[in-house]
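Trainee: next input, structure requested:
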Amino acid sequence: MIYVEIFIAFFIANLLGYGGGPATIPLIQHEVVTKYEWMTMEEFGDLLAIANALPGPIATKMGGFIGYEIGGVLGASAALMATVAPSAVAVIILFKFVNLFKNALQVKFMTRSVQPVIAILLAVLAYQFFLNSFEQSGIFQLLFLTAVSFLALEKWKVHPALVILGALCYGAVFLSGMVI
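Mentor: Below you'll find the predicted structure:
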C-alpha cells in the first residue's frame, strides 16, 4: 500500500504542478509533510536546499530521495514514475494540438494567470521555512544567515549553490543541537 501512496502523492503533485519545478515544490511539500507526514518541515527544507544545489530537475531529485527513504528502491521507482508520467502523457497527447492552439488567447491567458499562483505558493512555502528556521535557530542566527546570504548573492555575486553549501556547513557546525 505504501508504494501506491507514494505514487499517488507524487502523481498528484506533478499533475497539478503546471509550470515546472517551482510549481510542484509546494504541492510535494503538502503531500509529503502535511498529508502523509513522511517528513518534517525541517527535513523537507534541508532536502529542498540540497536538491537545489544539485544539477537536474528538482522534482525528480526530491521524488527519488523521498521515495527511497519511504519505500526503498521500489518506493524511489514509484515516485520517479509518478513524477515523470504526467508530463510524458501530456506531451504525447497534446503534441498534436500544439500548432493548432499556440497563438490562442485562451492559452496565453492561462499561462500568464498561473504565474502569480506559483509565486504565492512559493511565498507561502518560504514563510513556512522562515517560521521553522526562527523556531529552530533563534532570531540572531536567522538574521545573520539572511544578511550574509543576501550579501553573498547580491553584492559579491557568489553562486547560489555555494551559498546553500555555506549555510549548510554553518548550520552543521554552529547550529547542531544548540539555539542562541
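
Trainee: what's the mean pLDDT across the helix ranked longest in the chain?
Mentor: Assignment by DSSP state H gives helix 105-150 as the longest helix of the chain. Average pLDDT, helix 105-150: 88.

Trainee: stretch 22-31 now?
Mentor: Stretch 22-31 comes out at a mean pLDDT of 92.

Trainee: ok, stretch 74-84 next?
Mentor: When pLDDT is averaged over stretch 74-84, the result is 96.

Trainee: for that stretch, buried residues please.
Mentor: Using 16 or more other Cβ atoms under 10 Å as the test for burial, stretch 74-84 gives 75-84. Where you see a C-beta, it was placed from the backbone N, CA and C, and this is true even at glycine.

Trainee: do stretch 44-53 as well
Mentor: For stretch 44-53, burial by neighbour count (16+ other Cβ under 10 Å) applies to 44-45, 47-49, 51, 53.

Trainee: lowest-confidence entry in those?
Mentor: Least confident entry in those, by pLDDT: Ala53, with 84.

Trainee: so that one makes contact with Val163?
Mentor: No. Using Cβ atoms under 8 Å, Ala53 makes no contact with Val163, being 9.2 Å away.

Trainee: any idea which residue sits dead centre in this protein?
Mentor: Ile25 (3.1 Å; Cα atoms, centre = their mean).

Trainee: next structured bit after the longest helix of the chain?
Mentor: Downstream of helix 105-150, the next assigned helix or strand under DSSP states H and E is helix 160-174.

Trainee: pLDDT of whichever helix or strand Phe7 is part of, averaged?
Mentor: Using DSSP H and E, Phe7 sits within helix 2-16. Mean pLDDT, computed over helix 2-16, is 95.

Trainee: which elements pack onto that helix?
Mentor: Counting contacts by 3 or more Cβ pairs under 8 Å, 6 or more residues apart in numbering; DSSP states H and E, helix 2-16 packs against helix 21-29, helix 58-94.

Trainee: from the middle of its chain, how far away would the last one be?
Mentor: Looking back up the chat, that one is helix 58-94. In terms of Cα atoms, centre = their mean, to the nearest Å, the centre of helix 58-94 is set 13 Å apart from its chain centre.
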